[in-house]
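Participant: Build me a model from this:
(4 chains)
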Number of protein chains: 2
Amino acid sequence: MPKRVDHDERRRELADALVRRARTSGLHATGFREVAAEAGVSVNLVQYYFPTKAELLAGGLLHLRELLRPRTEHDGSPADRIRAILRALLPTDDTSTDLYRLHAAYAALAFTDPALAAQPHTAGPDELQPVLAALLADAAPAVHPERTATSLLALGTGLSAYLVSGYLTPADALAALDEQLDRILS
Amino acid sequence: MPKRVDHDERRRELADALVRRARTSGLHATGFREVAAEAGVSVNLVQYYFPTKAELLAGGLLHLRELLRPRTEHDGSPADRIRAILRALLPTDDTSTDLYRLHAAYAALAFTDPALAAQPHTAGPDELQPVLAALLADAAPAVHPERTATSLLALGTGLSAYLVSGYLTPADALAALDEQLDRILS
DNA sequence: AGGTTCATCGTACCGCTGTACTATAAAAAC
DNA sequence: GTTTTTATAGTACAGCGGTACGATGAACCT
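Facilitator: Numbers count the residues shown, from 1 in each chain, chains lettered A, B, ... in the order given. Next comes the predicted model:
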């Protein structure tokens, strides 16, 4: 076996195994043994890269955030970019639904776990809000950019929650979003 | 000790102990022993009323839903009632914040636990949406009642998520909600 | 070539948690 | 008044999960 291994890469592989497992079995049912089995590797190797459970969980969250980091680079007019960003937020296929649900599990854990709470665990507005506000200032001069950006993101978050819970179909959620966007964008 | 006890009442007491404990310690860290200690009672008594862990959890969820069942009875004009219902949805004080977070933990669990998923676990739109739609049909004839009701509830859900995560202050969330309501309610 | 380091494995331990078994006192039944 | 429920408590057991301890073979260094 090789001696030198890229530790960051290895950690990413293991974190990905955690995500794969947890997004179907649940985060609460995913420990060292499950991650090891999913990665096809020994239990102790997982502990070699993530010495403690807290670090394993944190590594999983870091990787998950990477997986669902929204692509903010779209082309087209500012109005088109706004629409594209918000649409990309909604979990409309099975994969993004699973990831969103896993993220919800992490968020719930973070409420009572200070270590996780310290880590930025958000698919929250903090990254997208300024981007959206800047685009809105350009595309919709009539509205207050920051407040409108926040409201749009909140709407997207709520629609996402309804989507993953099965209360809405993707078509309905997109329609609700578009209705709001059509009103704002001139 | 008395022989006859109201079992439903006792179950409610124990479920309340579970909620009290879980809303600060986290649902994952709340088992038979913790509930028993919180209720000042023996471990076995908890099991006497909730024979299995699944039933204990389900009992807690049932009680939690009761605690945060929104009061839909308000007085005033339809417009006032709409505003009151949506405001009441937002967790603006510490208690409702804790309960909302606990509910989020239950929702996350339900995604991977069929037994919990079968139980109606929602602070979702299913109860409020028809009520709101009926009021909207009266107060805002220009808009599509069902779609608008869903959008408003989604906005409320998103704002609630941002509130319990600390991204928004109650004042900001209420302002965002009011802005939207002012636009719709003529 | 020999020793050292490093990635990997197998196994063992210990604490916690759900669950089961037995006991007991008080109230109800008769 | 005795017997039978019934609400409660204490203790015990078994499985699982995180963690720790050794072992081993391959690659690197000199």
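
Participant: Excluding chain neighbours, what is closest to the residue most central in space within chain A?
Facilitator: Nearest residue to the geometric centre of chain A (C-alpha atoms, centre = their mean): residue A:68, 3.8 Å. Computed as C-beta to C-beta, 6 or more residues apart in numbering or on different chains, the closest residue to residue A:68 that is not its neighbour in sequence is residue A:99, at 5.1 Å. (Glycine included, C-beta is placed from N, CA and C.)

Participant: And for residue A:45?
Facilitator: Nearest residue to residue A:45, sequence neighbours excluded (C-beta to C-beta, 6+ apart): residue A:36, at 6.9 Å.

Participant: Can you point out the buried residues in the helix or strand where residue A:23 lies?
Facilitator: Per DSSP states H and E: residue A:23 is located in helix A:7-25. Burial within helix A:7-25, assessed by neighbour count using 16 or more other C-beta atoms under 10 Å in any protein chain shown, is assigned to A:11-12, A:14-19, A:21-23.

Participant: ok, the residue nearest to residue A:12 when sequence neighbours are not counted to residue B:182 distance?
Facilitator: With C-beta to C-beta, 6+ apart as the measure, residue A:63 is the residue that lies nearest to residue A:12, at 6.3 Å, once sequence neighbours are left out. Here the distance between residue A:63 and residue B:182 works out to 42 Å (C-beta to C-beta, to the nearest Å).

Participant: now chain A, which segments are flagged as low pLDDT?
Facilitator: Within chain A, the segments meeting pLDDT under 70 span A:1-3, A:121-125.

Participant: domain parsing for it?
Facilitator: For chain A, automatic domain parsing gives the domain ranges A:7-67, A:78-184.

Participant: Just send those domains back as CSV, with distance to residue B:137 too.
Facilitator: As requested, the domains of chain A are exported to CSV (distance: least, C-beta to C-beta, whole Å):
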stretch, distance to residue B:137
domain A:7-67, 40
domain A:78-184, 17
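
Participant: Out of these, which is closest to DNA strand C?
Facilitator: In terms of C-beta to the nearest atom of the strand, the element of the domains of chain A nearest to DNA strand C is domain A:7-67, at 3.2 Å.

Participant: Do the closest one and DNA strand C come into contact?
Facilitator: Yes. Between domain A:7-67 and DNA strand C, judged by C-beta under 7 Å from any atom of the strand, the touching residues are A:7, A:10, A:41-45, A:48.

Participant: so the residue nearest to the centre of chain A makes contact with residue A:95?
Facilitator: No. With contacts counted by C-beta atoms under 8 Å, residue A:68 stays clear of residue A:95, the gap being 9.8 Å.

Participant: rewinding a little: distance check, the residue nearest to the centre of chain A against residue A:54.
Facilitator: Applying C-beta to C-beta to residue A:68 and residue A:54 gives a distance of 22 Å.

Participant: Could you do residue A:141 as well?
Facilitator: 48 Å.

Participant: So what's the residue count around the residue nearest to residue A:12?
Facilitator: Using other C-beta atoms under 10 Å in any protein chain shown, residue A:63 is surrounded by 18 other residues.

Participant: same thing with the one 4 residues further on?
Facilitator: When counting by other C-beta under 10 Å, one arrives at 16 neighbours for residue A:67.

Participant: now the helices: where do they sit in chain A?
Facilitator: Chain-ordered helices for chain A, with DSSP state H as the definition, fall at A:7-25, A:32-39, A:43-49, A:53-67, A:78-89, A:94-112, A:114-118, A:125-139, A:145-165, A:170-184.

Participant: Backbone dihedrals for whichever residue of chain A sits closest to DNA strand D, both of them.
Facilitator: Here chain A gets closest to DNA strand D at one residue, residue A:31, 2.3 Å apart by C-beta to the nearest atom of the strand. Reported as degrees, to the nearest 10, the phi and psi values for residue A:31 are phi -120, psi -160.

Participant: wait, isn't residue A:99 in contact with residue A:64?
Facilitator: Yes. In terms of C-beta under 8 Å, residue A:99 counts as a neighbour of residue A:64; the distance is 6.7 Å.

Participant: Quickly list what's touching both of those two.
Facilitator: residue A:19 (C-beta atoms under 8 Å, 6 or more residues apart in numbering or on different chains).

Participant: Between the two, which has more neighbouring residues?
Facilitator: Neighbour count, other C-beta under 10 Å: between residue A:99 and residue A:64, residue A:64 has more, with 24 against 18.

Participant: check contacts around the nearest residue to the more buried one once chain neighbours are set aside.
Facilitator: Distance criterion C-beta to C-beta, 6+ apart; nearest residue to residue A:64, sequence neighbours excluded, is residue A:19 at 5.6 Å. Under the criterion of C-beta under 8 Å, 6+ apart, the neighbours of residue A:19 are A:60, A:63-64, A:67, A:99, A:102.

Participant: Next: residue A:96.
Facilitator: Under the criterion of C-beta under 8 Å, 6+ apart, the contact list for residue A:96 reads residue A:68.

Participant: before we move on, what about residue A:42?
Facilitator: Contacts here follow C-beta under 8 Å, 6+ apart; on that basis residue A:42 touches residue A:36.

Participant: cool, and residue A:185?
Facilitator: By C-beta under 8 Å, 6+ apart, the neighbours of residue A:185 are A:79, A:82-83, A:139-140.

Participant: what's the burial count for residue A:151?
Facilitator: Per other C-beta under 10 Å, the neighbour tally for residue A:151 reads 23.

Participant: Residue B:155 is in contact with that one, correct?
Facilitator: Yes. With contact taken as C-beta under 8 Å, residue A:151 and residue B:155 are classed as touching, separated by 6.8 Å.
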